[in-house]
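**Student:** Whatever this is, show me its structure:
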Amino acid sequence: MRIVIAEDSVLLRAGLERLLTDAGHEIVAAVADASALLAAVDRERPDLAIVDVRMPPTFTDEGIRAAVLIRAQDRHAAVLVLSQYVEERYASDLIAANSAGLGYLLKDRVAEVDEFLAAVAEVGAGGTVFDPEVVAQIVVRSRRSDGVDALSPREAEVLQLMAEGRSNSAIAGALHVSEGSVEKHVSAIFTKLDLPVESTGNRRVLAVLRYLARAADPRG
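**Tutor:** Got it, this is the predicted structure:
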């Protein structure tokens, strides 16, 4: 996979470059600020951009604003945001526009090498990966009636496994049921959570966000 890295910390940038290169990826650009990131993405057309939220010159939200711009210019561009912080407003904008090929992880996840590399592969392939803490801050603050209570015990179990990132096939194996049965449960979940086919974004991701928001909310 051809990857652009945007990270102002020299040590972390070098570490990411080494880690990803060792995993078989090609680093086509490694930059330290948002303007260089935008130029690199425009020039290289990478398979994935890994972006730090806070970058020079103000170290506030330059990185994630650049990520939003990249996605606005090309809705299929894959972006993995890494940060010690959750920028709720911009993260919400990223999710609302299109959830495919999008990830947002807190930097301590990078220490879990296998987990991080799996996230890189998932986002680069058009999937979606969100840190549960990120989801909690984005969604819980605006929580409303979410439909989760309407799920049957089996549907709730399926949704929990979806939140763990499992495919329908993997869920079927875990529950010892047919994949067709899982598909019916997933369809029922979408219906009960009021996620019609024309919903903006990936319905599977939106359902998982509802589940994670409920799990993180002390009000239950």
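
**Student:** can I see the domain layout of this structure?
**Tutor:** Domains of the chain are assigned by automatic domain parsing as 2-139, 143-216.

**Student:** and those domains as TSV, adding mean pLDDT and mean neighbour count?
**Tutor:** Where C-beta positions appear, they are placed from N, C-alpha and C, glycine not excepted. What follows is the domains of the chain, written out as TSV (pLDDT from 0 to 100; neighbours: other C-beta atoms under 10 Å):
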stretch	mean pLDDT	mean neighbour count
domain 2-139	88	18
domain 143-216	84	16
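
**Student:** ok, the spatially most central residue of the chain to residue 176 distance?
**Tutor:** Nearest to the mean C-alpha position of the chain, by C-alpha atoms, centre = their mean, lies residue 103 at 2.5 Å. Residue 103 is 31 Å from residue 176, where distance means C-beta to C-beta, to the nearest Å.

**Student:** hey, where'd the strands end up in the chain?
**Tutor:** For the chain, strands defined by DSSP state E occupy the ranges 2-6, 26-31, 48-52, 79-83, 102-106, 128-130.

**Student:** so what secondary structure elements neighbour the fourth one?
**Tutor:** In this case it means strand 79-83. strand 48-52, helix 62-73, helix 88-97, strand 102-106, helix 113-124 (3 or more C-beta pairs under 8 Å, 6 or more residues apart in numbering; DSSP states H and E).

**Student:** got it, and the shortest one?
**Tutor:** In this structure, strand 128-130 packs against strand 102-106, helix 113-124, helix 203-216, with contacts taken as 3+ C-beta pairs under 8 Å, 6+ apart.

**Student:** Taking strand 48-52 as reference, get the angle to the second one.
**Tutor:** In this structure, helix 113-124 runs at an angle of 120 degrees to strand 48-52, with axes from the mean of the first three to the mean of the last three C-alpha atoms, to 10 degrees as the basis.

**Student:** ok and helix 113-124 relative to strand 79-83, angle-wise?
**Tutor:** Counting by the same axes, to 10 degrees, helix 113-124 points 140 degrees away from the direction of strand 79-83.
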